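**Q** sharing a model prediction with you, sequence too.
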Number of protein chains: 2
Amino acid sequence: MAYTVVGKSVSRVDAIAKVTGKAKYTDDFPERDMLVGKILHSPYAHAIIKSIDVSLAKALPGVEAVLTYKDLPRINYATSLPGFVDDGIEEEFEADRLKYGTAGHPYSLDPGHRDVEDRHILTKKARFVGDNIAAVVATDELIAEKALKLIKVEYEVLEALTSTDAALKEGAPLIHEERERNILASGGYAIGDVEEAFKESDHVFEGEYETSIVQHCHMENQTSYAYQDSDGRIVIVTSTQIPQIVRRVVAQSLGLPWGRVRVIKPFVGGGFGNKQDVCIEPLNAAMTLAVGGRPVKIELSREESMVDTRTRHAFKFKIKTGINQDGKIIGIHITAVSNTGAYASHGHSIAGSAGGKFRYLYPTKALKYEPMTVYTNLPVAGAMRGYGCPQIFYAFESHLEDIAKRLNMDPIEIRRKNVVEVGYVDPVSKNKITSCGIRECIDKGKALIKWDEKKALYKEQSGDKVRGVGMACFSYASGTYPVALELAGARIVLNQDGSVQLQIGATDTGQGSDTVFGQMVAEVLGLPMDMVHVHSTQDTDITPFDTGCYASRQTYVSGMAVEKAALEVKAKILGFASSMTDIPADKLDLLDQKIVLKHSGESVLSLEQVAMQSYYDRVLAKPITSDISNNARINAIPFGVTFAEVEVDIKTGKIEVLEIFNVHDSGTIVNPQMAEGQVHGGVSMGIGYALSEQLLFDAVTGKPLNNNLLDYKLPTIMDTPDIGVAFVEAYEPTGPFGVKSLGEPPTITPAPAIRNAVLDATGVAFNRLPMNPQRVFEGFKNAGLI
Amino acid sequence: MAYTVVGKSVSRVDAIAKVTGKAKYTDDFPERDMLVGKILHSPYAHAIIKSIDVSLAKALPGVEAVLTYKDLPRINYATSLPGFVDDGIEEEFEADRLKYGTAGHPYSLDPGHRDVEDRHILTKKARFVGDNIAAVVATDELIAEKALKLIKVEYEVLEALTSTDAALKEGAPLIHEERERNILASGGYAIGDVEEAFKESDHVFEGEYETSIVQHCHMENQTSYAYQDSDGRIVIVTSTQIPQIVRRVVAQSLGLPWGRVRVIKPFVGGGFGNKQDVCIEPLNAAMTLAVGGRPVKIELSREESMVDTRTRHAFKFKIKTGINQDGKIIGIHITAVSNTGAYASHGHSIAGSAGGKFRYLYPTKALKYEPMTVYTNLPVAGAMRGYGCPQIFYAFESHLEDIAKRLNMDPIEIRRKNVVEVGYVDPVSKNKITSCGIRECIDKGKALIKWDEKKALYKEQSGDKVRGVGMACFSYASGTYPVALELAGARIVLNQDGSVQLQIGATDTGQGSDTVFGQMVAEVLGLPMDMVHVHSTQDTDITPFDTGCYASRQTYVSGMAVEKAALEVKAKILGFASSMTDIPADKLDLLDQKIVLKHSGESVLSLEQVAMQSYYDRVLAKPITSDISNNARINAIPFGVTFAEVEVDIKTGKIEVLEIFNVHDSGTIVNPQMAEGQVHGGVSMGIGYALSEQLLFDAVTGKPLNNNLLDYKLPTIMDTPDIGVAFVEAYEPTGPFGVKSLGEPPTITPAPAIRNAVLDATGVAFNRLPMNPQRVFEGFKNAGLI
């Protein structure tokens, strides 16, 4: 399809705002007399509070409120909006009262489909080092910090369960007392009979793979401020991916009617899934209620952000695969243990998503997926870019590589043999593959990295530094259908000069969706980009409802709403022009800000004339707007591949990525330059996941050992090669302008591609991430290379 | 009609916000690094700038920009958004370039119907003492003030025309060079043949009446701040009644596409018509462009607000009336000279409105209205509560009183003889009287003040203090139809808990319209008031279009949009409930937050259930909103009367108002307590107009003599009696819930009622306002009373 604006690398709508510093993030709004909220975190991974004394803290001048589990939530807020009344009664903690879930999923009318509610705003039982015990509201940060130190807590310390093995062992103490075991959930799916399939197969291979806990490390830490507005409702300005869900969860956490909470999202400095969770906002709302509605700000430090918000689930996989001699996979059996840490958050959904999105790549006769999500006394794992897929594709693409090696097959050929074709209908989700460019992606990547040349070149190597190439494929999804609601909204207002405002419920958290939506509107309405004024702020009171930024859903799902809204505006413009000219609307078109005759292209009216008339015609005036909601019940599967070339220093265990190419089939690419940027970020994240990143904890106490950006080894530009990006634009018929998702996919396969390249170079298979020098060195020692 | 919420004195939606200080006015938004803009005003009433030197001012540290007519507007902004580039060239002033009009009228597609464009942002020719000569932007107020003093201006001083007589005299210098005389406009209307009518009449009476220049004196002075937003557009936060018109006028003043300006209206502390004008915003926009888009605030002082914004037009009337012996008016001829000051602003519209709204009260066979609006070298007159009617009704109701006295008729009887009846169609506007309670208003007022008793009691009085009673009637309108566009918009969003947000383009500037609109929504949707979340902020980017707050239009005209939006939401709720139950929507109703069967009242679903399903049903979900525009082509005429009792101190000329009652037919009263407050304010304003208020100027130089609240005699609570209020709720079939306007009417007739009471008490007719002690004393001396 030929488009005018879609497919062009137009400048980001917020480019100038961001480079000049004019873009306002949550911390940039200077509320008058803003109070500061600080949190007292548990120093123990597993402990019960025996007593807590806040009297000294409360007495400190400048302290406006001190909150503990005793204060929250102790009023039934359900019928009227409260002030926060201190009645002097120290109520006992009631475990069953006003617990809430924090995962950024849309609400479900089906109680069985709702997120697990295992959380209080402040807790009487610490479940990880960093759990929220108490909070202080003070006039400045220094006083707040001092007050935290004046809170006296007596703990009864329990055994810290710092691994899933420990949590699952017989007789382990229960992290959540109401459960029988430390298991959040288990249960996956089975397609066909996998045991039968193994019997039919020429070969059956097994392998074990393990990933570590990593963290998002978005540039902007979690920050929010909250106050009671002039009408008594709670307003929260917050750096979030999911304003509508924050609104709901805050209301649930305090027992308020949802309409009494308003959430505003300004510019956001990255989220990567960590801001698809409601971490600080309920406490912030409680804080403002505790001080009569005055504004209170919470700004997490990097140390807090790294362990007191969310992390990526560490997984342990066991994979068994039945395969024929020709490389055709017959059956796969995967068991997975996922470590969700102290609270549920997204918990088992991550394991579910891994198994769900993995399924599209290599359809097999039989597939059994048995995941289990386990509570431990570690920080809470939640959503993170890829949502389980970096884990499962690392495992399976490593496993498949090992199989290819065992079968002496070309790694590319074994994948070609098994990848999906257009028309395939997934037996579980019923999602149909309506476009698929995976074969072209593989071809393109293979050519880009000069696979055959390098394979030949590296056949015979000697010396301490050896090189190799590897690759790995993935499938993903565009949104969550059919698992969850996919509602998106857009509103467009036509101005008198023919320009428009676009409000979208979807949130740009840095990835550039506002620009993409602006391009879609410009495309439909034939406008230059500077006549599409995109509102980058979402406000739950007025912005059309959208579930938010996650699941790589926005360009595809929210894009449907934007396209629909633009088409409605176009139809109204042509209708209005028809009422002005008596030319039937279907004989008219909108082109270059002109109403033209379809058959000749002859200009009939300017868009501005129609727009002016729509405001000022004494009889016909009716400003042109559209206020659209789109309930997507469809999904589109993107595909892609990473090719990597590495040089491994056998003596030091240091792996250097020499070249890396990601080739994506994400359907139409709306903005190539921004898409490339998206891939650069994702690949860089994948390289860190492969080689260096891991949150470390003391095995006995559960204390974090590297929750800061000095000790946590996030790759810098010095660790990152030039990242090669290419696209295969398989037109997706269900998507607006043929798009599929691109947000998360780039981060899925760098790790297995690098791992397979290392295997190619050294013959050593690393089945645990990260492949940091220490682990690689040990691997080589075990393999006898050194 | 029986309503549940409409007609009840519910609390203002902003009551708590305002008494706790949480309501944010323009000055309450603490932008970081806000610069201060200050204006250099002309010290001469009529002068040409021969030279202007800003070099010293520019050199002062902390001064960021100095602007004069040479800088503005010198870039053709029409195609791209500029920074403000100083190219070093001192361009000559071009009188024809980018002039603009400031009146708060909706734009008209008919060029002949647009406001006069006679203004530049900064001028080379001063036309009144206070005209805007130059402007400074500095880091603080003190530096800005200092810089103003460093600007050296050389003036060629011209004769100051400080009265309409002077401006009209042969050979008077021209205030606007492009005109042939100092006349802005003239021209009224004629119904029938008035000379013929005089011939048919038993009597013909003549009189002359004069009003003075007064000022609005709203609590919050004009304040705004402007900046370039992250997308380069100009944002202006301003205390205005008319955000959409400010947007347009700012764009026009700078030659920008209208869509590149965004105007936000927070809470407003009163306007009374003065904020129905675009006074400071164009200069503020120019200031921010001059400093690269940084925020700049303008905050006028009281002294500036009183003479550099707008005033009420002073009028001189000559009235000639033909009347029969029985009191039936046969013909009226009114000539009026209106003093509009230095610039057009609303200018002749005020004279037009006076003649237009007056016409509804006493229909006559013949009526000739000949107004003329004259430029003088005095501050600019614009819109002020009543928009010409306090002037014309003072004149005519005084004149009619004089006639009654001459005919020895009861003042009430002569009015009863002539007032309009339902069904009357105005021959000029074609507006039809569809409700009329003026007779009941008179009856009620007469009873309240105990007219007959007092008339009898005061027949024979002696001594220095004498008492009397007087009354006066008025008619008005609800909005401007058919003179101007009457477009209004509302958007409603239904939340998950069944509460709603209401966005209206109409602006609450203190009068309480937000509450009234909230009541309308609550009424239609059967909600308690605390479930209607009214947005008090208007934002031209997103709030549905509405022309603004003026002409007492909002409850009537904007109310239509609000009612329509609420009805649409109700229909969507019932439609959704129908889709959930398969019960036809027309068999359902919405009552007390329940969907009920119409025939039995039996509850079928809760509103919350429907609302939740509208968000989360996996198939049907479609959040319920309405986004409505209403183009009213109808008008409703409110009526009313003031009855006043005065005590006059003959020796001192001091008039004390002992009792005053305003009785209004404004159709249904949506909120009696707020309506009463509206009348209190209007009557108080009318008392000041009658007795004490007048802006004074030196007759030679045109310098203001009392532009401050010490010397300008605004009545205080010490000067104001208890104000009696009553309503006659003549149901208006064209209005939402039967309403007609009430905003401006209360201020129309206090002055003539007091004047007539003074006549009743003393026998002396005061035909010039204000009736301050000095003027009254002189009147008594001339009449031989002292």
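**A** Good, I have the coordinates. Numbers count the residues shown, from 1 in each chain, chains lettered A, B, ... in the order given.
**Q** okay, CA-based contacts and neighbour counts for the rest of this
**A** Noted.
**Q** Three-state assignment for the residue lying closest to A:P243 once chain neighbours are set aside, please.
**A** Closest residue in space to A:P243, ignoring its immediate chain neighbours: A:V263 at 5.7 Å, by C-alpha to C-alpha, 6 or more residues apart in numbering or on different chains. Three-state assignment for A:V263 (DSSP: H, G, I helix; E, B strand; the rest coil): strand.
**Q** for the stretch 551-700 of chain A, what lies in contact range of chain B?
**A** By C-alpha under 8 Å from any C-alpha of the partner chain, the residues of the stretch 551-700 of chain A that approach chain B are A:612-613, A:616-623, A:625, A:627, A:629-631, A:633.
**Q** without its sequence neighbours, what residue ends up closest to the residue in the stretch 1-150 of chain A that chain B sits nearest to?
**A** For the stretch 1-150 of chain A, the residue closest to chain B is A:A17, as judged by C-alpha to the nearest C-alpha, at 4.3 Å. Nearest non-adjacent residue to A:A17, counting by C-alpha to C-alpha, 6+ apart: B:S230, 4.3 Å away.
**Q** on that earlier part again, show me the contacts for the residue nearest to A:P243.
**A** Contacts of A:V263 were listed using C-alpha atoms under 8 Å, 6 or more residues apart in numbering or on different chains, and they are A:235-238, A:243-244, A:246-247, A:539-541.
**Q** in strands, which of these appear?
**A** Of these, the ones assigned to strands by DSSP state E are A:235-238, A:539.
**Q** and which of those is nearest to chain B?
**A** Comparing these against chain B with C-alpha to the nearest C-alpha places A:D539 closest, at 11.6 Å.
**Q** who does that closest one bridge with?
**A** A:I264 (DSSP bridges).
**Q** before we move on, the earlier item: which ones among the residues of the stretch 551-700 of chain A next to chain B are found in strands?
**A** Residues of these located in strands (DSSP E): A:625, A:627, A:629-631.
**Q** could you dump the residues you listed to TSV with neighbour count?
**A** Output for those, formatted as TSV (neighbours: other C-alpha atoms under 10 Å in any protein chain shown):
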residue	neighbour count
A:T625	26
A:D627	24
A:S629	26
A:N630	23
A:N631	24
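**Q** taking these together, which two end up most distant?
**A** Between any two of those, the greatest separation by C-alpha to C-alpha is 19.8 Å, found for A:T625 and A:N631.
**Q** how about A:G686, secondary structure?
**A** Using three-state DSSP, the structure places A:G686 in helix.
**Q** next one: A:K405
**A** helix.
**Q** apart from its chain neighbours, what residue comes closest to it?
**A** Of all residues not flanking A:K405 in the chain, A:P411 sits nearest, at 7.6 Å (C-alpha to C-alpha, 6+ apart).
**Q** then A:A172?
**A** A:A166 (7.0 Å).
**Q** so the one you found sits in a strand?
**A** No. Counting by three-state DSSP, A:A166 is not found in a strand; it is helix.
**Q** measure the residue nearest to A:P243 to chain B for me?
**A** A:V263 sits at a distance of 13 Å from chain B (criterion: C-alpha to the nearest C-alpha, to the nearest Å).
**Q** now A:I323
**A** Per C-alpha to the nearest C-alpha, A:I323 is found 39 Å from chain B.
**Q** so what's that residue closest to, chain neighbours aside?
**A** Spatially, and ignoring its direct neighbours in sequence, A:I323 is nearest to A:I329 (4.3 Å; C-alpha to C-alpha, 6+ apart).
**Q** give the contact list for the one you found.
**A** By C-alpha under 8 Å, 6+ apart, the contact set of A:I329 is A:321-323, A:364, A:418.
**Q** and it, what's its pLDDT?
**A** According to the prediction, A:I329 has pLDDT 98.
**Q** in the stretch 151-300 of chain A, which spans are helices?
**A** Using DSSP state H, counting those that start in this stretch, the helices of the stretch 151-300 of chain A run over A:164-168, A:194-200, A:243-254, A:281-290.
**Q** tell me the angle the last one makes with strand A:261-265.
**A** Which is helix A:281-290. 120 degrees (axes from the mean of the first three to the mean of the last three C-alpha atoms, to 10 degrees).
**Q** what are the contacting residues of helix A:281-290?
**A** Taking contacts as C-alpha under 8 Å, 6+ apart, the residues outside helix A:281-290 that touch it are A:37, A:65, A:67, A:72, A:82-85, A:121-122, A:137, A:224-228, A:234, A:236, A:238, A:246, A:249-250, A:253-254, A:294-298.
**Q** my read: the residue of the stretch 1-150 of chain A closest to chain B touches B:D231, true?
**A** Yes. Counting by C-alpha atoms under 8 Å, B:D231 is a contact partner of A:A17 at 6.3 Å.
**Q** pick out whichever of those two has more residues nearby.
**A** Comparing A:A17 with B:D231 by neighbour count (other C-alpha atoms under 10 Å in any protein chain shown), the higher total belongs to B:D231, at 20 against 16.
**Q** return the residues in contact with A:A761.
**A** Taking C-alpha under 8 Å, 6+ apart, we find A:A761 in contact with A:458, A:466-469, A:646-648.
**Q** and the ones in strands among the residues of the stretch 551-700 of chain A next to chain B as CSV, adding pLDDT?
**A** Formatted as CSV, those follow (pLDDT from 0 to 100):
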residue, pLDDT
A:T625, 98
A:D627, 97
A:S629, 97
A:N630, 97
A:N631, 97
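**Q** hmm, back to that, who wins for proximity to B:N767 among the helices of the stretch 151-300 of chain A?
**A** Closest to B:N767 of the helices of the stretch 151-300 of chain A, according to C-alpha to C-alpha: helix A:281-290, at 59.9 Å.
**Q** now the angle from that closest one to strand A:234-238?
**A** Helix A:281-290 runs at 140 degrees relative to strand A:234-238, counting by the same axes, to 10 degrees.
**Q** buried residues, helix A:281-290. List them.
**A** Buried residues in helix A:281-290, defined by neighbour count with 16 or more other C-alpha atoms under 10 Å in any protein chain shown: A:281-290.
**Q** up against chain B, what does the stretch 351-500 of chain A have?
**A** Residues of the stretch 351-500 of chain A lying near chain B by C-alpha under 8 Å from any C-alpha: A:484-485, A:487, A:493, A:495-500.
**Q** thank you, goodbye.
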